[in-house]
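# Only the shape, not the letters, is given here:
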(Lines give C-alpha, C1' and ligand atoms only; values in the text may rest on other atoms or scores of the structure.)
Protein backbone atom coordinates (compact mmCIF):
# COMPACT_ATOMS: atom_id res chain seq x y z
CA UNK A 1 0.00 0.00 0.00
CA UNK A 2 1.18 3.50 -0.73
CA UNK A 3 -0.17 4.84 2.61
CA UNK A 4 -0.90 8.22 1.07
CA UNK A 5 -4.02 8.62 3.25
CA UNK A 6 -4.33 8.97 7.01
CA UNK A 7 -7.19 6.50 7.02
CA UNK A 8 -6.16 2.86 7.65
CA UNK A 9 -7.94 -0.44 7.31
CA UNK A 10 -5.36 -2.48 9.12
CA UNK A 11 -7.55 -2.79 12.19
CA UNK A 12 -10.58 -3.82 10.14
CA UNK A 13 -8.92 -6.84 8.48
CA UNK A 14 -7.89 -10.07 10.11
CA UNK A 15 -4.37 -10.64 8.75
CA UNK A 16 -4.28 -14.16 10.14
CA UNK A 17 -6.76 -15.30 7.47
CA UNK A 18 -4.43 -14.14 4.62
CA UNK A 19 -0.95 -15.69 4.73
CA UNK A 20 0.49 -13.57 1.93
CA UNK A 21 -0.72 -10.37 3.49
CA UNK A 22 0.56 -11.52 6.84
CA UNK A 23 3.98 -12.23 5.34
CA UNK A 24 4.20 -8.86 3.62
CA UNK A 25 2.97 -6.88 6.55
CA UNK A 26 5.30 -8.74 8.90
CA UNK A 27 8.59 -7.86 7.05
CA UNK A 28 10.63 -4.75 7.77
CA UNK A 29 11.79 -3.82 4.24
CA UNK A 30 13.45 -0.59 5.24
CA UNK A 31 15.85 -2.24 7.65
CA UNK A 32 16.75 -4.92 5.11
CA UNK A 33 17.53 -2.30 2.49
CA UNK A 34 19.70 -0.36 4.87
CA UNK A 35 21.63 -3.46 5.86
CA UNK A 36 22.07 -4.42 2.23
CA UNK A 37 23.36 -0.99 1.30
CA UNK A 38 25.76 -1.03 4.22
CA UNK A 39 27.14 -4.42 3.19
CA UNK A 40 27.52 -3.29 -0.41
CA UNK A 41 29.26 -0.11 0.69
CA UNK A 42 31.76 -2.01 2.86
CA UNK A 43 32.41 -4.51 0.06
CA UNK A 44 33.04 -1.73 -2.41
CA UNK A 45 35.19 0.14 0.07
CA UNK A 46 37.30 -2.93 0.77
CA UNK A 47 37.60 -3.69 -2.95
CA UNK A 48 39.23 -0.32 -3.44
CA UNK A 49 42.29 -1.71 -1.65
CA UNK A 50 42.51 -4.80 -3.87
CA UNK A 51 45.61 -4.91 -6.15
CA UNK A 52 45.16 -3.83 -9.73
CA UNK A 53 47.77 -4.52 -12.43
CA UNK A 54 48.24 -1.61 -14.77
CA UNK A 55 48.62 -2.69 -18.39
CA UNK A 56 48.75 -1.48 -21.96
CA UNK A 57 46.30 -3.24 -24.24
CA UNK A 58 46.98 -3.51 -27.94
CA UNK A 59 46.28 -5.80 -30.86
CA UNK A 60 49.03 -7.45 -32.87
CA UNK A 61 49.91 -10.21 -35.29
CA UNK A 62 52.21 -13.20 -35.20
CA UNK A 63 55.58 -12.87 -36.91
CA UNK A 64 59.06 -14.35 -36.44
CA UNK A 65 62.07 -13.07 -34.55
CA UNK A 66 64.57 -13.70 -37.35
CA UNK A 67 64.03 -12.23 -40.83
CA UNK A 68 65.17 -15.43 -42.55
CA UNK A 69 62.35 -17.34 -40.84
CA UNK A 70 59.57 -15.23 -42.35
CA UNK A 71 57.67 -16.17 -45.52
CA UNK A 72 59.67 -15.35 -48.62
CA UNK A 73 59.34 -15.63 -52.36
CA UNK A 74 61.62 -17.41 -54.80
CA UNK A 75 62.44 -15.07 -57.67
CA UNK A 76 63.78 -15.54 -61.17
CA UNK A 77 67.18 -13.90 -61.64
CA UNK A 78 66.81 -13.82 -65.43
CA UNK A 79 63.93 -13.41 -67.83
CA UNK A 80 62.62 -16.66 -69.22
CA UNK A 81 59.72 -18.79 -70.33
CA UNK A 82 58.16 -21.38 -68.02
CA UNK A 83 58.92 -24.90 -69.27
CA UNK A 84 58.18 -27.29 -66.39
CA UNK A 85 56.98 -27.25 -62.76
CA UNK A 86 58.58 -29.65 -60.30
CA UNK A 87 56.41 -28.78 -57.26
CA UNK A 88 52.86 -27.89 -56.40
CA UNK A 89 51.28 -25.84 -53.64
CA UNK A 90 51.59 -27.47 -50.22
CA UNK A 91 54.71 -29.49 -51.10
CA UNK A 92 57.66 -29.52 -48.73
CA UNK A 93 60.96 -28.62 -50.36
CA UNK A 94 64.50 -28.77 -49.04
CA UNK A 95 67.04 -26.02 -49.63
CA UNK A 96 68.39 -26.41 -53.18
CA UNK A 97 65.46 -28.44 -54.55
CA UNK A 98 64.37 -27.54 -58.08
CA UNK A 99 61.09 -25.65 -58.22
CA UNK A 100 60.79 -24.54 -61.83
CA UNK A 101 62.61 -24.81 -65.15
CA UNK A 102 62.63 -21.88 -67.56
CA UNK A 103 64.05 -21.42 -71.06
CA UNK A 104 65.85 -18.48 -72.68
CA UNK A 105 63.91 -15.61 -74.26
CA UNK A 106 66.71 -13.18 -75.20
CA UNK A 107 68.16 -13.47 -78.72
CA UNK A 108 71.79 -12.90 -77.64
CA UNK A 109 71.68 -16.08 -75.55
CA UNK A 110 69.91 -18.42 -78.00
CA UNK A 111 73.14 -20.19 -79.08
CA UNK A 112 73.13 -23.58 -77.28
CA UNK A 113 76.96 -23.72 -77.42
CA UNK A 114 77.45 -20.12 -76.28
CA UNK A 115 79.63 -21.08 -73.33
CA UNK A 116 81.87 -23.33 -75.47
CA UNK A 117 82.37 -20.70 -78.15
CA UNK A 118 83.14 -18.07 -75.58
CA UNK A 119 85.69 -20.41 -74.04
CA UNK A 120 87.35 -20.86 -77.45
CA UNK A 121 87.60 -17.09 -77.85
CA UNK A 122 89.04 -16.89 -74.38
CA UNK A 123 91.72 -19.50 -75.15
CA UNK A 124 92.64 -17.70 -78.38
CA UNK A 125 92.97 -14.38 -76.58
CA UNK A 126 95.10 -15.99 -73.90
CA UNK A 127 97.42 -17.38 -76.58
CA UNK A 128 97.59 -13.89 -78.11
CA UNK A 129 98.56 -12.56 -74.72
CA UNK A 130 101.31 -15.17 -74.46
CA UNK A 131 102.59 -14.20 -77.92
CA UNK A 132 102.75 -10.53 -77.07
CA UNK A 133 104.41 -11.38 -73.78
CA UNK A 134 107.03 -13.41 -75.65
CA UNK A 135 107.58 -10.55 -78.10
CA UNK A 136 108.08 -8.15 -75.22
CA UNK A 137 110.67 -10.43 -73.66
CA UNK A 138 112.45 -10.83 -77.01
CA UNK A 139 112.59 -7.07 -77.47
CA UNK A 140 113.89 -6.67 -73.93
CA UNK A 141 116.66 -9.17 -74.75
CA UNK A 142 117.36 -7.29 -77.99
CA UNK A 143 117.59 -4.00 -76.13
CA UNK A 144 119.93 -5.58 -73.61
CA UNK A 145 122.14 -6.95 -76.40
CA UNK A 146 122.20 -3.56 -78.16
CA UNK A 147 123.23 -1.86 -74.95
CA UNK A 148 126.03 -4.38 -74.40
CA UNK A 149 127.19 -4.03 -78.01
CA UNK A 150 127.01 -0.27 -77.65
CA UNK A 151 129.34 -0.37 -74.67
CA UNK A 152 131.80 -2.63 -76.47
CA UNK A 153 131.61 -0.69 -79.72
CA UNK A 154 132.11 2.60 -77.92
CA UNK A 155 135.10 1.16 -76.06
CA UNK A 156 136.52 0.00 -79.39
CA UNK A 157 136.05 3.42 -80.98
CA UNK A 158 137.42 5.14 -77.89
CA UNK A 159 140.49 2.88 -78.05
CA UNK A 160 140.82 3.78 -81.71
CA UNK A 161 140.66 7.46 -80.78
CA UNK A 162 143.36 6.94 -78.17
CA UNK A 163 145.49 5.13 -80.75
CA UNK A 164 144.93 7.98 -83.23
CA UNK A 165 145.84 10.50 -80.56
CA UNK A 166 149.03 8.61 -79.75
CA UNK A 167 149.80 8.30 -83.46
CA UNK A 168 149.31 12.05 -83.85
CA UNK A 169 151.72 12.59 -80.99
CA UNK A 170 154.24 10.17 -82.58
CA UNK A 171 153.89 11.74 -85.99
CA UNK A 172 154.27 15.19 -84.44
CA UNK A 173 157.54 14.10 -82.86
CA UNK A 174 158.70 12.65 -86.16
CA UNK A 175 157.81 15.91 -87.91
CA UNK A 176 159.84 17.83 -85.34
CA UNK A 177 162.74 15.38 -85.84
CA UNK A 178 162.46 15.75 -89.62
CA UNK A 179 162.44 19.55 -89.30
CA UNK A 180 165.50 19.35 -87.07
CA UNK A 181 167.25 17.08 -89.58
CA UNK A 182 166.34 19.47 -92.36
CA UNK A 183 167.73 22.41 -90.41
CA UNK A 184 170.94 20.50 -89.70
CA UNK A 185 171.23 19.44 -93.35
CA UNK A 186 170.57 23.05 -94.44
CA UNK A 187 173.28 24.40 -92.09
CA UNK A 188 175.73 21.78 -93.29
CA UNK A 189 174.91 22.57 -96.91
CA UNK A 190 175.44 26.30 -96.36
CA UNK A 191 178.82 25.70 -94.69
CA UNK A 192 179.72 23.30 -97.48
CA UNK A 193 178.79 26.01 -100.00
CA UNK A 194 181.08 28.50 -98.26
CA UNK A 195 183.98 26.06 -97.90
CA UNK A 196 183.80 24.75 -101.42
CA UNK A 197 184.73 28.22 -102.71
CA UNK A 198 188.08 27.90 -100.89
CA UNK A 199 188.61 24.48 -102.43
CA UNK A 200 188.48 22.62 -99.17
CA UNK A 201 185.90 20.08 -100.38
CA UNK A 202 185.36 18.45 -103.73
CA UNK A 203 182.40 18.90 -105.97
CA UNK A 204 181.31 15.40 -105.12
CA UNK A 205 181.09 16.18 -101.43
CA UNK A 206 179.07 19.26 -102.30
CA UNK A 207 176.60 17.25 -104.30
CA UNK A 208 176.30 14.74 -101.44
CA UNK A 209 175.47 17.53 -99.03
CA UNK A 210 172.93 18.91 -101.48
CA UNK A 211 171.38 15.44 -101.84
CA UNK A 212 171.23 15.03 -98.04
CA UNK A 213 169.50 18.40 -97.81
CA UNK A 214 166.90 17.40 -100.36
CA UNK A 215 166.33 14.05 -98.63
CA UNK A 216 165.89 15.85 -95.29
CA UNK A 217 163.41 18.24 -96.90
CA UNK A 218 161.51 15.37 -98.51
CA UNK A 219 161.47 13.46 -95.23
CA UNK A 220 160.08 16.54 -93.44
CA UNK A 221 157.31 16.88 -96.00
CA UNK A 222 156.53 13.17 -95.72
CA UNK A 223 156.42 13.37 -91.96
CA UNK A 224 154.12 16.40 -92.12
CA UNK A 225 151.82 14.55 -94.51
CA UNK A 226 151.84 11.59 -92.18
CA UNK A 227 150.92 13.91 -89.28
CA UNK A 228 148.03 15.35 -91.25
CA UNK A 229 146.88 11.84 -92.06
CA UNK A 230 147.01 10.87 -88.36
CA UNK A 231 145.03 13.96 -87.44
CA UNK A 232 142.42 13.08 -90.06
CA UNK A 233 142.24 9.58 -88.65
CA UNK A 234 141.69 11.06 -85.15
CA UNK A 235 138.89 13.25 -86.49
CA UNK A 236 137.39 10.26 -88.29
CA UNK A 237 137.57 8.22 -85.07
CA UNK A 238 135.78 10.96 -83.13
CA UNK A 239 133.16 11.18 -85.89
CA UNK A 240 132.83 7.39 -85.77
CA UNK A 241 132.33 7.60 -82.00
CA UNK A 242 129.47 10.07 -82.41
CA UNK A 243 128.02 8.07 -85.29
CA UNK A 244 128.22 4.83 -83.30
CA UNK A 245 126.56 6.50 -80.31
CA UNK A 246 123.76 7.88 -82.53
CA UNK A 247 123.36 4.59 -84.38
CA UNK A 248 122.96 2.54 -81.21
CA UNK A 249 120.69 5.19 -79.74
CA UNK A 250 118.43 4.92 -82.76
CA UNK A 251 118.45 1.13 -82.64
CA UNK A 252 117.67 1.04 -78.91
CA UNK A 253 114.94 3.67 -79.32
CA UNK A 254 113.38 1.67 -82.16
CA UNK A 255 113.54 -1.52 -80.09
CA UNK A 256 111.95 0.27 -77.12
CA UNK A 257 109.24 1.67 -79.38
CA UNK A 258 108.51 -1.85 -80.61
CA UNK A 259 108.52 -3.03 -77.01
CA UNK A 260 105.99 -0.38 -75.95
CA UNK A 261 103.83 -1.23 -78.95
CA UNK A 262 103.94 -4.88 -77.96
CA UNK A 263 103.12 -3.94 -74.36
CA UNK A 264 100.16 -1.89 -75.55
CA UNK A 265 98.92 -4.83 -77.59
CA UNK A 266 99.58 -7.08 -74.59
CA UNK A 267 97.49 -4.87 -72.31
CA UNK A 268 94.69 -4.72 -74.89
CA UNK A 269 94.79 -8.49 -75.16
CA UNK A 270 94.72 -8.84 -71.36
CA UNK A 271 91.72 -6.48 -71.23
CA UNK A 272 90.01 -8.61 -73.86
CA UNK A 273 90.87 -11.73 -71.84
CA UNK A 274 89.37 -10.18 -68.69
CA UNK A 275 86.24 -9.20 -70.61
CA UNK A 276 85.90 -12.68 -72.12
CA UNK A 277 86.48 -14.26 -68.71
CA UNK A 278 83.69 -12.08 -67.35
CA UNK A 279 81.38 -13.06 -70.20
CA UNK A 280 82.33 -16.72 -69.84
CA UNK A 281 81.58 -16.65 -66.10
CA UNK A 282 78.30 -14.80 -66.71
CA UNK A 283 77.23 -17.29 -69.39
CA UNK A 284 78.19 -20.24 -67.16
CA UNK A 285 76.22 -18.82 -64.22
CA UNK A 286 73.30 -17.93 -66.47
CA UNK A 287 72.94 -21.60 -67.41
CA UNK A 288 72.42 -22.37 -63.71
CA UNK A 289 69.64 -19.77 -63.48
CA UNK A 290 67.46 -21.74 -65.88
CA UNK A 291 66.49 -23.83 -62.84
CA UNK A 292 64.89 -21.92 -59.98
CA UNK A 293 65.90 -23.53 -56.67
CA UNK A 294 64.39 -23.36 -53.18
CA UNK A 295 66.38 -20.85 -51.08
CA UNK A 296 65.66 -22.78 -47.86
CA UNK A 297 63.63 -25.68 -46.54
CA UNK A 298 59.93 -25.00 -46.19
CA UNK A 299 56.45 -25.40 -47.65
CA UNK A 300 55.31 -24.04 -50.99
CA UNK A 301 52.36 -21.90 -49.97
CA UNK A 302 51.47 -20.20 -53.25
CA UNK A 303 52.47 -20.46 -56.91
CA UNK A 304 52.48 -16.81 -57.93
CA UNK A 305 53.21 -17.66 -61.57
CA UNK A 306 51.30 -20.45 -63.26
CA UNK A 307 50.96 -22.31 -66.53
CA UNK A 308 53.46 -23.44 -69.17
CA UNK A 309 54.92 -21.11 -71.78
CA UNK A 310 54.32 -17.93 -69.84
CA UNK A 311 57.11 -15.36 -69.82
CA UNK A 312 58.51 -13.96 -66.57
CA UNK A 313 60.80 -10.98 -66.09
CA UNK A 314 64.05 -10.58 -64.16
CA UNK A 315 63.45 -10.47 -60.42
CA UNK A 316 59.79 -11.46 -60.77
CA UNK A 317 58.33 -13.54 -57.93
CA UNK A 318 57.55 -17.15 -58.80
CA UNK A 319 56.49 -18.99 -55.62
CA UNK A 320 56.01 -18.19 -51.94
CA UNK A 321 57.74 -20.41 -49.37
CA UNK A 322 57.12 -20.60 -45.63
CA UNK A 323 60.23 -21.84 -43.76
CA UNK A 324 59.78 -25.14 -41.96
CA UNK A 325 61.51 -24.00 -38.76
CA UNK A 326 60.74 -20.66 -37.20
CA UNK A 327 60.54 -18.96 -33.84
CA UNK A 328 57.28 -17.04 -33.44
CA UNK A 329 56.92 -13.60 -31.93
CA UNK A 330 54.08 -11.12 -31.56
CA UNK A 331 54.35 -7.88 -33.47
CA UNK A 332 52.32 -5.16 -31.79
CA UNK A 333 52.12 -1.38 -32.00
CA UNK A 334 51.90 1.00 -29.05
CA UNK A 335 51.10 4.70 -28.89
CA UNK A 336 53.96 7.17 -28.48
CA UNK A 337 52.57 8.14 -25.05
CA UNK A 338 52.97 4.54 -23.87
CA UNK A 339 56.47 4.03 -25.33
CA UNK A 340 58.41 5.37 -22.28
CA UNK A 341 56.65 2.74 -20.12
CA UNK A 342 58.14 -0.16 -22.08
CA UNK A 343 61.51 -1.79 -21.63
CA UNK A 344 63.15 -4.98 -22.81
CA UNK A 345 62.32 -8.07 -20.80
CA UNK A 346 58.97 -6.66 -19.61
CA UNK A 347 56.24 -9.25 -19.06
CA UNK A 348 53.32 -9.49 -21.49
CA UNK A 349 50.15 -11.62 -21.40
CA UNK A 350 48.91 -12.68 -24.83
CA UNK A 351 45.56 -13.99 -26.04
CA UNK A 352 45.84 -15.69 -29.44
CA UNK A 353 43.00 -15.64 -31.94
CA UNK A 354 41.19 -18.98 -32.02
CA UNK A 355 42.19 -19.99 -28.47
CA UNK A 356 39.43 -19.60 -25.86
CA UNK A 357 40.36 -17.35 -22.98
CA UNK A 358 38.81 -15.52 -20.05
CA UNK A 359 40.60 -12.23 -19.60
CA UNK A 360 40.45 -9.98 -16.55
CA UNK A 361 41.85 -6.61 -17.50
CA UNK A 362 43.05 -5.69 -14.01
CA UNK A 363 44.28 -9.20 -13.16
CA UNK A 364 46.02 -10.50 -16.32
CA UNK A 365 47.98 -13.09 -14.37
CA UNK A 366 44.70 -14.62 -13.20
CA UNK A 367 43.23 -14.74 -16.70
CA UNK A 368 42.51 -18.13 -18.22
CA UNK A 369 43.81 -19.12 -21.68
CA UNK A 370 46.50 -16.43 -21.99
CA UNK A 371 50.19 -17.08 -22.61
CA UNK A 372 53.29 -15.38 -21.30
CA UNK A 373 55.74 -13.30 -23.29
CA UNK A 374 58.56 -10.82 -22.85
CA UNK A 375 59.37 -7.65 -24.74
CA UNK A 376 62.21 -8.61 -27.11
CA UNK A 377 62.79 -5.44 -29.15
CA UNK A 378 61.43 -1.91 -29.41
CA UNK A 379 61.73 0.20 -32.55
CA UNK A 380 63.52 3.52 -32.22
CA UNK A 381 61.65 5.02 -35.18
CA UNK A 382 57.95 5.59 -35.49
CA UNK A 383 56.03 3.49 -38.02
CA UNK A 384 53.96 4.93 -40.87
CA UNK A 385 50.81 4.29 -38.81
CA UNK A 386 52.00 6.79 -36.17
CA UNK A 387 52.81 4.11 -33.57
CA UNK A 388 55.94 2.26 -32.44
CA UNK A 389 56.47 -1.40 -33.26
CA UNK A 390 57.30 -3.81 -30.43
CA UNK A 391 58.33 -7.47 -30.76
CA UNK A 392 57.32 -9.89 -28.01
CA UNK A 393 58.96 -13.31 -27.74
CA UNK A 394 57.85 -16.36 -25.78
CA UNK A 395 58.52 -16.38 -22.06
CA UNK A 396 60.72 -19.42 -21.32
CA UNK A 397 59.48 -19.48 -17.70
CA UNK A 398 55.81 -19.70 -18.76
CA UNK A 399 53.99 -22.47 -20.57
CA UNK A 400 54.97 -22.81 -24.24
CA UNK A 401 52.90 -21.27 -26.97
CA UNK A 402 50.55 -23.57 -28.93
CA UNK A 403 52.18 -25.54 -31.76
CA UNK A 404 49.25 -24.80 -34.06
CA UNK A 405 49.98 -21.07 -34.18
CA UNK A 406 50.63 -19.75 -37.68
CA UNK A 407 52.38 -16.73 -39.08
CA UNK A 408 50.07 -13.75 -39.56
CA UNK A 409 47.31 -14.73 -37.11
CA UNK A 410 46.04 -12.14 -34.63
CA UNK A 411 46.89 -11.68 -30.98
CA UNK A 412 45.68 -9.47 -28.14
CA UNK A 413 48.54 -8.35 -25.90
CA UNK A 414 48.59 -6.86 -22.44
CA UNK A 415 51.89 -5.36 -21.34
CA UNK A 416 52.06 -5.67 -17.54
CA UNK A 417 53.07 -2.60 -15.57
CA UNK A 418 53.01 -1.88 -11.80
CA UNK A 419 50.58 -3.38 -9.29
CA UNK A 420 48.57 -0.58 -7.62
CA UNK A 421 45.39 -0.44 -5.49
CA UNK A 422 42.10 -0.03 -7.31
CA UNK A 423 41.46 3.33 -5.68
CA UNK A 424 44.77 4.61 -7.04
CA UNK A 425 43.93 3.39 -10.54
CA UNK A 426 40.53 5.12 -10.36
CA UNK A 427 42.21 8.30 -9.15
CA UNK A 428 44.76 8.06 -12.03
CA UNK A 429 42.03 7.52 -14.60
CA UNK A 430 39.97 10.46 -13.28
CA UNK A 431 42.98 12.78 -13.40
CA UNK A 432 44.14 11.49 -16.80
CA UNK A 433 47.60 10.47 -15.59
CA UNK A 434 49.48 7.84 -17.66
CA UNK A 435 50.17 4.41 -16.16
CA UNK A 436 53.25 4.01 -13.99
CA UNK A 437 53.39 7.75 -13.35
CA UNK A 438 53.76 6.99 -9.65
CA UNK A 439 55.35 3.91 -8.12
CA UNK A 440 54.30 2.37 -4.82
CA UNK A 441 57.25 1.57 -2.51
CA UNK A 442 55.28 0.05 0.38
CA UNK A 443 55.04 3.27 2.39
CA UNK A 444 53.60 5.70 -0.11
CA UNK A 445 53.58 6.83 -3.70
CA UNK A 446 56.75 8.35 -5.06
CA UNK A 447 57.66 9.76 -8.43
CA UNK A 448 58.77 6.94 -10.66
CA UNK A 449 62.50 6.88 -11.35
CA UNK A 450 62.15 5.46 -14.80
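Here it is on my side, so go on. These figures come from a predicted structure and were not determined experimentally.

# just the strands in the stretch 51-200 of the chain please.
51-64, 72-75, 80-85, 92-93, 98-103 (DSSP state E, counting those that start in this stretch).

# now those strands as a markdown table including distance to residue 333?
Using the backbone N, CA and C atoms, a C-beta is placed for each residue, glycine as well. Output for the strands of the stretch 51-200 of the chain, formatted as a markdown table (distance: least, C-beta to C-beta, whole Å):
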| stretch | distance to residue 333 |
| --- | --- |
| strand 51-64 | 6 |
| strand 72-75 | 23 |
| strand 80-85 | 39 |
| strand 92-93 | 33 |
| strand 98-103 | 35 |
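
# so which of those strands comes closest to residue 277?
strand 80-85 (24.7 Å; C-beta to C-beta).

# before we move on, back to that, take the strands of the stretch 51-200 of the chain and lay them out in CSV including mean neighbour count, mean pLDDT and distance to residue 170.
CSV is the format used below for the strands of the stretch 51-200 of the chain (neighbours: other C-beta atoms under 10 Å; pLDDT from 0 to 100; distance: least, C-beta to C-beta, whole Å):
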stretch, mean neighbour count, mean pLDDT, distance to residue 170
strand 51-64, 18, 79, 107
strand 72-75, 16, 89, 97
strand 80-85, 16, 91, 96
strand 92-93, 18, 93, 105
strand 98-103, 18, 92, 96
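
# Please name whichever of those strands is nearest to residue 378.
The closest of the strands of the stretch 51-200 of the chain to residue 378 is strand 51-64. By C-beta to C-beta, the value is 12.5 Å.

# Mind giving me the packing neighbours of the strand or helix carrying residue 225?
Using DSSP states H and E, residue 225 maps to helix 203-288. In this structure, helix 203-288 packs against helix 114-196, with contacts taken as 3 or more C-beta pairs under 8 Å, 6 or more residues apart in numbering; DSSP states H and E.

# coming back round to it: quick one: average pLDDT of the helix holding residue 225?
For helix 203-288, mean pLDDT rounds to 86.

# Tell me the helix or strand right after it.
Using DSSP H and E, the first helix or strand after helix 203-288 is strand 291-293.

# Give the buried residues for that following strand.
Neighbour counts over strand 291-293 (16 or more other C-beta atoms under 10 Å) mark residue 292 as buried.

# Give the next helix or strand downstream of that strand.
Heading C-terminal from strand 291-293 (DSSP H and E), you reach strand 298-303.

# which strands and helices sit next to that following strand?
Looks like strand 298-303 contacts strand 92-93, strand 317-323 (3+ C-beta pairs under 8 Å, 6+ apart).

# Switch these over to TSV; also include distance to residue 166.
Formatted as TSV, the helices and strands packed on strand 298-303 follow (distance: least, C-beta to C-beta, whole Å):
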stretch	distance to residue 166
strand 92-93	99
strand 317-323	96
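
# which one of the ones you listed has the most crowded surroundings?
Most buried of those, by mean neighbour count (mean count of other C-beta atoms under 10 Å): strand 317-323, with a mean of 19.

# what does whichever helix or strand comes after it rub up against?
Moving toward the C-terminus from strand 317-323, the next helix or strand (DSSP H and E) is strand 328-334. Outside strand 328-334, the residues that touch it by C-beta atoms under 8 Å, 6 or more residues apart in numbering are 56, 58-65, 342, 348, 350, 373, 376, 383, 385, 387-394, 401, 405, 407, 411, 413, 415.

# and if we set it to 6 Å?
The contact list for strand 328-334, computed with C-beta atoms under 6 Å, 6 or more residues apart in numbering, reads 58, 60-63, 65, 350, 387-393, 405, 411, 413.

# Kindly write the ChimeraX command that selects the buried subset of those residues.
Buried residues within those, by 16+ other C-beta under 10 Å, are selected in ChimeraX with:
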select :58,60,62,63,65,350,387,388,389,390,391,392,393,405,411,413
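
# Does residue 77 touch residue 289 like I think?
Yes: with contact defined as C-beta atoms under 6 Å, residue 77 and residue 289 form a contacting pair (4.6 Å).

# which residues of the stretch 1-150 of the chain score low on pLDDT?
Scanning the stretch 1-150 of the chain for pLDDT under 70 picks out the ranges 1-31, 48-55.

# As a check, name the ranges of all strands in the stretch 301-450 of the chain.
Going by DSSP E, counting those that start in this stretch, the stretch 301-450 of the chain shows strands at 311-312, 317-323, 328-334, 347-352, 371-378, 388-394, 410-421, 438-440, 445-447.

# for the second one, packing partners?
Judged by 3 or more C-beta pairs under 6 Å, 6 or more residues apart in numbering; DSSP states H and E, strand 317-323 is in contact with strand 72-75, strand 298-303.

# make it 7 Å
Helices and strands touching strand 317-323, as assessed by 3 or more C-beta pairs under 7 Å, 6 or more residues apart in numbering; DSSP states H and E, comprise strand 72-75, strand 98-103, strand 298-303.

# what angle separates that strand from strand 80-85?
If you take axes from the mean of the first three to the mean of the last three C-alpha atoms, to 10 degrees, strand 317-323 sits at 50 degrees to strand 80-85.

# cool, the third one as well?
Counting by the same axes, to 10 degrees, strand 328-334 points 140 degrees away from the direction of strand 80-85.

# begin at 41 from here
Shifting the count to begin at 41 puts that one at strand 368-374.

# strand partners of strand 368-374, parallel vs antiparallel please.
strand 91-104 (antiparallel), strand 428-434 (antiparallel) (DSSP bridges).

# Go through the ones you listed and name the closest to residue 146.
Short answer: strand 91-104, nearest of the strands paired with strand 368-374 by C-beta to C-beta, at 37.6 Å.

# hang on, the earlier thing: for the strands paired with strand 368-374, which one sits closest to residue 285?
strand 91-104 (82.7 Å).
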